[in-house]
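when you get a sec, could you give me coordinates for this:
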Amino acid sequence: QNQMAKDYPHETSKTLMQVVMGKEIGAGKFRVFQARSIDQKETFAVKLFPTTQSARSIYLHEKKIHSKLNHKNIIKYRHSSNIMTKDFNYDAILTEFAPYGNFYEIVVNRGLQNEKLIRTYFQQLVQGVEYLHRQNIGHLDLKLDNLLLGDDFELKIADFDQSQELTSTTMRARGTAFYRAPEILERNCKNFKAADVYSMGIILFAFKASNFPFYEEQDQGSYKLVHYDLFMQDKEAFWQEKAADKKNKSFFSEEFIELINGMLEKDVNKRFSIEDIKKSRWYNGSTFTKEELKRNMERISERLLFMKFSRKD
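Okay, here's the model as predicted:
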């Protein structure tokens with residue numbers, strides 16, 4: 001365990017509970033630790049926010065949004081509190097702990113090669129995002145790292161620090177490179193639902209291909225999407241190129257291509273809605289039952305764990 005984990009006995013506010021901090025499990029903009037209650041009846045993920053003015057503003061924003069959410073495909077909000085150590089003072093959000101990590105490592109290690117498995121998880125993603133939109137929330141930072149695997153191997157959407165109400169008139173989110181919609185990149189996003197759909201399209205492509213359809217490149221102080229012009233101007237050529245990368249002309253089915261084309265459309269008025277996605281041919285294909293999903297993911301998790309330890313050796 002790192003020094004931070006060793007030095008944290010650590011108490012949340014007296015109205016909540018005492019927790020013991022464990023290993024660090026996330027190090028993005030804010031550090032995330034595994035923690036357990038003193039009575040060891042529950043394990044949490046704890047996201048720490050330094051008590052600076054800017055970080056506290058983000059903490060309060062995320063707390064306000066996340067605390068209202070309750071859906072099987074949204075990581076569960078548990079508590080918010082203040083965590084004190086011998087050296088620092090943090091605001092903290094405690095959430096459900098997802099024991100199997102996030103989808104990034106699964107995807108980059110080609111863990112989702114079965115189309116039925118891909119569709120099962122994509123449907124769970126759609127259900128979670130549809131719920132968010134019904135709650136008047138746009139996530140605005142959907143990415144593999146923010147999709148977690150719960151203890152039942154269900155997909156869980158996490159991290160709401162960039163989320164905004166759909167009725168917001170000022171765009172504050174910046175998204176994440178490779179996943180964010182063109183209108184977020186251009187700082188001209190007015191339809192947060194459509195921006196989420198675009199990110200979901202990138203995620204679906206990554207589920208299938210284990211890479212991204214487009215890449216961001218800085219050009220004279222601004223960013224542009226590489227290969228996106230080809231996609232918009234000649235979709236047939238774009239998909240031929242992507243299939244050639246896989247050395248398999250039939251790697252992407254007609255139904256899959258049709259869905260991705262609709263989700264990644266630049267014109268937000270023509271881009272697929274959640275309703276369009278749910279009506280698409282590919283979306284309505286076969287999926288795994290809960291028991292089948294568990295069996296498949298147990299095998300995949302074991303393989304990925306073996307690969308991880310083999311690399312260490």
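
end to end on stretch 104-121, go ahead and measure it.
13 Å (C-alpha to C-alpha, to the nearest Å).

go on, stretch 274-290?
So stretch 274-290: terminal residues 23 Å apart, C-alpha to C-alpha.

now that stretch, how far from the chain's geometric center?
Put simply, stretch 274-290 sits 19 Å off its chain's centre (C-alpha atoms, centre = their mean, to the nearest Å).

ok, and what's touching it?
115-117, 119-120, 122-123, 126, 129-130, 133, 152, 193, 197, 200, 253, 255-256, 258-259, 262-263, 272, 296 (C-beta atoms under 8 Å, 6 or more residues apart in numbering). Using the backbone N, CA and C atoms, a C-beta is placed for each residue, glycine as well.

show me what counts as buried in that stretch.
By neighbour count with 16 or more other C-beta atoms under 10 Å, stretch 274-290 contains the buried residues Ile274, Ile277, Ser280, Trp282, Tyr283, Gly285, Thr287, Phe288.

ok, stretch 124-144 next?
Buried-residue list, stretch 124-144, by 16+ other C-beta under 10 Å: 124-133, 137-144.

quick one: buried ones out of the contacts of stretch 274-290?
117, 119-120, 122-123, 126, 129-130, 133, 193, 197, 200, 256, 259, 262-263, 272, 296.

tell me which of these fall in helices.
Judged by DSSP state H, the buried ones among the contacts of stretch 274-290 include 117, 119-120, 122-123, 126, 129-130, 133, 193, 197, 200, 256, 259, 262-263, 296 as members of helices.

and the helices in the stretch 201-313 of the chain?
228-233, 235-245, 254-263, 274-279, 290-312 (DSSP state H, counting those that start in this stretch).

what's the closest of those to Phe97?
helix 290-312 (15.6 Å; C-beta to C-beta).

Ile25 belongs to a strand?
Yes: counting by DSSP: H, G, I helix; E, B strand; the rest coil, Ile25 falls inside a strand.

hmm, back to that, for Ile157, which of the helices of the stretch 201-313 of the chain is the nearest?
helix 274-279 (14.0 Å).

which residue ranges form the strands in this protein?
19-27, 31-37, 43-50, 77-84, 89-96, 137-138, 147-149, 155-157, 164-165, 215-219, 222-226 (DSSP state E).

format these as a markdown table; extra columns: mean pLDDT and distance to Ala209.
Output for these, formatted as a markdown table (pLDDT from 0 to 100; distance: least, C-beta to C-beta, whole Å):
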| stretch | mean pLDDT | distance to Ala209 |
| --- | --- | --- |
| strand 19-27 | 82 | 25 |
| strand 31-37 | 89 | 28 |
| strand 43-50 | 92 | 29 |
| strand 77-84 | 86 | 33 |
| strand 89-96 | 92 | 30 |
| strand 137-138 | 98 | 26 |
| strand 147-149 | 96 | 16 |
| strand 155-157 | 98 | 18 |
| strand 164-165 | 96 | 30 |
| strand 215-219 | 85 | 13 |
| strand 222-226 | 83 | 16 |
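
kindly reformat those strands as CSV containing distance to Lys63.
Converted to CSV, those look like this (distance: least, C-beta to C-beta, whole Å):
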stretch, distance to Lys63
strand 19-27, 17
strand 31-37, 15
strand 43-50, 9
strand 77-84, 5
strand 89-96, 6
strand 137-138, 14
strand 147-149, 19
strand 155-157, 16
strand 164-165, 14
strand 215-219, 30
strand 222-226, 31
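
remind me which residues of this protein are low pLDDT?
1-17, 40, 85-87, 221, 305-313 (pLDDT under 70).

center of it - which residue?
Asn146 (2.6 Å; C-alpha atoms, centre = their mean).

in stretch 43-57, what counts as buried?
Phe44, Ala45, Val46, Lys47, Leu48, Phe49, Ala55.

give me the nearest residue to His61, chain neighbours excluded.
Asp161 (6.8 Å; C-beta to C-beta, 6 or more residues apart in numbering).

just Asn109 next, same as before
Leu304 (5.7 Å).

cool, Asp141 as well?
Closest to Asp141 by C-beta to C-beta, 6+ apart is Gln162, at 4.1 Å.

for the one you found, what are its contacts?
Taking C-beta under 8 Å, 6+ apart, one finds His139, Leu140, Asp141, Arg172, Ala173, Arg174, Gly175 in contact with Gln162.
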